[in-house]
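Asks: sharing a model prediction with you, sequence too.
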Amino acid sequence: MKVLVLTGRLAEQTVERAVDAAIEKNIDVFVKVVDVDVASFITERHLDALDISGYDMVLVPGLVSGDFSAVERGRGVPVRRGPKHAIDLGFVLNFADIVEFSHSIPACELLSSKNRKKAFETVVRLEADSTYAFTVRDTRIGGNSRMKVMAEVVGANSFSVAELVHIIRLFMHEGADIIDLGMSLDAQVEDAIRAVKTARRVCNVPVSIDTLDPDLLAASIDEGANLCLSLNSENMDAVAPLAVDVPCVVIPDLKHDASAMTNIRSLEKNVAAAKEYKVKHIIADPVLDAINHGFSKSVIRFMEFHRRNPDVPLFFGVGNVSELVDIDSTGVNGLLAGIGCEIGTSILFTPEFSDKNKGSIRELKIASEMMVLSKHRESAPKDLGIDLLRLKEKRRRPFDVPPPVFIPVKALTGWELDPAGCVKISITERTVQNGKILDGMIIASHKNGVVVGRNASEVLDTLIDRGFVSTLHHVGYLGRELARAELALNFGRSFVQDGEF
């Protein structure tokens, strides 16, 4: 198969590299630079002077605005849209002989599911090839490795062993790279030991202990904690000698009225002290502040510390911001991960303490993977194959308009109970049972039986089939409520029958 790829002058080298590096099939690809700088400005006119006979297909850039179907009809050669970004050409061309590309849809969108798989494979490959400052239980920290998500179990000392195991397994299922055991102010040494012992037993990822109490830190290190949060001048002398082989997060001696440079120097002083005690692996936390409490200044503080200490991995406390703002966490976490990527962050830290922040671990994990791909592609974090779009849509479908003549709606004035009986609808939460993750389910309870499923349509079909519903109005009502219940499951929300969504 012979394919001609058209591009502009600015993208010539990128296109050549993408084609040379990725063709794996018996496809002959030829690149032609037309008389235009920006490839997306290619039009039908640019093809008029080209001899495209002898080719099985011509690929134009995915972002062109014109319609090339007339050229295809007139010249007898398929002219189809390639990918939006040149770097995806190699991937797209591997499907040129088995997929019919589109006149109007960029090939990368056409192959989105395959693109998603390729994106995750690339993330894995980049991590395997990455540089790093050190490893903790085979998890790479620092260098150009992916930012790791540290998930805090807030008040880990207050949970029973069974409860702690449940939370840890959920966090790991959500994608946590590190499990952090946050200790309450009233935690005792035996609490820390029990929490670390439990976490080490069920975790295949690093376990960190999170407290400033030197006794708790010392006991946890002795029990096998893989990381230590946090060291400052007050606990340094007691803990650092015990943590020579345990990676430690070091913080400044916090003085909220201090200048940025005072905080940076304080952190640098504590980092130097840890090194004096021969602590081998240090992670610095310049401390991220909440919005309207110094957030912007704290980001600048991170940047300055990283400029002065480029070889020290950074700890980025995303939860300090996300827990203290009433904005959907998806966007907050995605943006903070992007900021963290730009300033050289190695660890993204989050609890899922408040209800509004549930799902933050998964969101940050996806965001960290997006940033790896974005840096690799030298592009903005969009059109990567993976994304954090949950409610917004990249391309809106066409809207309709009402016909000139239509039937206006009329609200039902009366309501009669279904003779077959009422149905109570509720949902379960995602949970762990026998070591396995169980997704949330819809429960439809009727006097003659309980129907359980995840798909609203299937639940309704079963209710009808069993004779649990007998009137059209009741069927319509149940369809609406079951659909809302399914949406609640998909978005990790709670659900109350007849309540607002």
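Replies: Everything's here; your move. Residues are numbered from 1 along each chain as shown.
Asks: count of neighbours near E44?
Replies: E44: 16 surrounding residues under other Cβ atoms under 10 Å. C-betas here are computed from N, CA, C, even on glycine.
Asks: separation between it and V60?
Replies: 10 Å (Cβ to Cβ, to the nearest Å).
Asks: ok, now L216?
Replies: On the measure of Cβ to Cβ, L216 and V60 end up 63 Å apart.
Asks: do the same with D215
Replies: 68 Å.
Asks: what of P214?
Replies: 66 Å.
Asks: which of these two has more neighbours?
Replies: Neighbours per residue (other Cβ under 10 Å) separate P214 from V60, with V60 holding more: 27 against 17.
Asks: how about stretch 437-452: buried residues?
Replies: G440, M441, I442, I443, A444, H446, V451 (16 or more other Cβ atoms under 10 Å).
Asks: quick one: residues contacting the closest residue to D35 other than its chain neighbours.
Replies: Leaving out its chain neighbours, the residue that sits closest to D35 by Cβ to Cβ, 6 or more residues apart in numbering is H46, at 6.7 Å. Taking Cβ atoms under 8 Å, 6 or more residues apart in numbering, we find H46 in contact with L6, V34, D35, V36.
Asks: break down the stretch 101-250 of the chain into its strands, ranges please.
Replies: With DSSP state E, counting those that start in this stretch as the criterion, the stretch 101-250 of the chain has strands at 134-136, 139-141, 148-153, 178-182, 207-210, 227-231, 248-250.
Asks: could you dump these to TSV with distance to C422?
Replies: Rendered in TSV, the data for the strands of the stretch 101-250 of the chain read as follows (distance: least, Cβ to Cβ, whole Å):
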stretch	distance to C422
strand 134-136	55
strand 139-141	52
strand 148-153	40
strand 178-182	44
strand 207-210	48
strand 227-231	52
strand 248-250	55
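Asks: compare these and give me the one nearest T122.
Replies: strand 139-141 (16.2 Å; Cβ to Cβ).
Asks: contacts for the closest one?
Replies: So strand 139-141 is contacted by 127, 130, 132-135, 146, 148, 177-178, 205-206, 247, 281, 283, 313, 346-347 (Cβ under 8 Å, 6+ apart).
Asks: where does the stretch 151-300 of the chain dip in pLDDT?
Replies: 256-257 (pLDDT under 70).
Asks: centroid-nearest residue for the protein?
Replies: Most central in the chain under Cα atoms, centre = their mean is I366, positioned 1.9 Å from the mean C-alpha point.
Asks: re the thing from before, next, show the common contact partners of E44 and V60.
Replies: F68.
Asks: partners of P351 in the sheet?
Replies: Beta-bridge partners for P351, by DSSP bridges, are E152.
Asks: that one reaches A151, doesn't it?
Replies: Yes: P351 is within contact range of A151, at 7.4 Å (criterion: Cβ atoms under 8 Å).
Asks: please identify which of these two sits among more neighbours.
Replies: A151 (29 against 24).
Asks: return the residues in contact with the more buried one.
Replies: F171, E174, A176, I178, I179, D180, T350, P351, E352, I361.
Asks: for T43, same thing?
Replies: Here T43 is in contact with V64, G66 (Cβ under 8 Å, 6+ apart).
Asks: give me the contacts around stretch 225-236.
Replies: So stretch 225-236 is contacted by 136-137, 178, 180-181, 196, 206-214, 217, 220-221, 239-240, 243, 246-254, 269-270, 273-274, 277, 279, 283, 285 (Cβ under 8 Å, 6+ apart).
Asks: sitting in helices, which of the residues you listed do you find?
Replies: Among those, the members falling in helices (DSSP state H) are V196, P214, L217, S220, I221, V239, K269, N270, A273, A274.
Asks: and those, which is closest to H306?
Replies: N270 (16.1 Å).
Asks: is it true that the closest one touches V250?
Replies: Yes: counting by Cβ under 8 Å, N270 does reach V250; the two are 5.0 Å apart.
Asks: look at these two and report which has more neighbours.
Replies: V250 (29 against 24).
Asks: D37 touches E12, doesn't it?
Replies: No: using Cβ under 8 Å, D37 is not in contact with E12; the gap is 10.2 Å.
Asks: and the two? which has more neighbours close in?
Replies: E12 (15 against 9).
Asks: measure that one to V250 for me?
Replies: E12 is 48 Å from V250, by Cβ to Cβ.
Asks: then I291?
Replies: Distance from I291 to V250, by Cβ to Cβ: 25 Å.
Asks: just S494 next, same as before
Replies: Taking Cβ to Cβ, one finds S494 at 40 Å from V250.
Asks: residues near V34, how many?
Replies: Counted with other Cβ under 10 Å, V34 comes out at 18.
Asks: the residue nearest to it when sequence neighbours are not counted: which element?
Replies: Setting aside the residues directly before and after it, V34 is nearest to H46 in space (Cβ to Cβ, 6+ apart), at 4.4 Å. H46 belongs to helix 45-48 when assigned by DSSP states H and E.
Asks: now the element after that helix, going C-ward?
Replies: Using DSSP H and E, the first helix or strand after helix 45-48 is strand 57-60.
Asks: would you mind writing the CA trace of that following strand as PDB?
Replies: Only the C-alpha atoms of strand 57-60 are listed here, as PDB (Å, rounded to 0.1, in the frame of the first residue of the first chain):
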ATOM      1  CA  MET A  57      -4.500   7.100  -0.300                       C
ATOM      2  CA  VAL A  58      -3.600  10.700   0.500                       C
ATOM      3  CA  LEU A  59      -3.600  11.800   4.100                       C
ATOM      4  CA  VAL A  60      -4.200  15.500   4.800                       C
END
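Asks: list of residues touching that strand?
Replies: 1-6, 42, 47, 52, 68, 77-82, 89, 92-93, 96, 101, 107.
Asks: how about a cut-off of 6 Å?
Replies: Residues outside strand 57-60 that contact it (Cβ atoms under 6 Å, 6 or more residues apart in numbering): V3, L4, V5, L6, I42, I52, V77, P78, V79, G82.
Asks: mind putting those into a markdown table with secondary structure?
Replies: Formatted as a markdown table, the contacts of strand 57-60 follow (DSSP: H, G, I helix; E, B strand; the rest coil):
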| residue | secondary structure |
| --- | --- |
| V3 | strand |
| L4 | strand |
| V5 | strand |
| L6 | strand |
| I42 | coil |
| I52 | coil |
| V77 | coil |
| P78 | coil |
| V79 | strand |
| G82 | coil |
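Asks: out of those residues, who's the most crowded?
Replies: Of those, with other Cβ under 10 Å as the count, G82 tops at 29 neighbours.
Asks: gap between that one and R301?
Replies: From G82 to R301 the distance is 44 Å (Cβ to Cβ).
Asks: so who does N448 touch?
Replies: No contacts exist for N448 under Cβ under 6 Å, 6+ apart.
Asks: got TSV for the ones in helices among the contacts of stretch 225-236, with distance to E429 too?
Replies: Below are the ones in helices among the contacts of stretch 225-236 laid out as TSV (distance: Cβ to Cβ, whole Å):
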residue	distance to E429
V196	27
P214	38
L217	34
S220	30
I221	35
V239	38
K269	46
N270	41
A273	45
A274	41
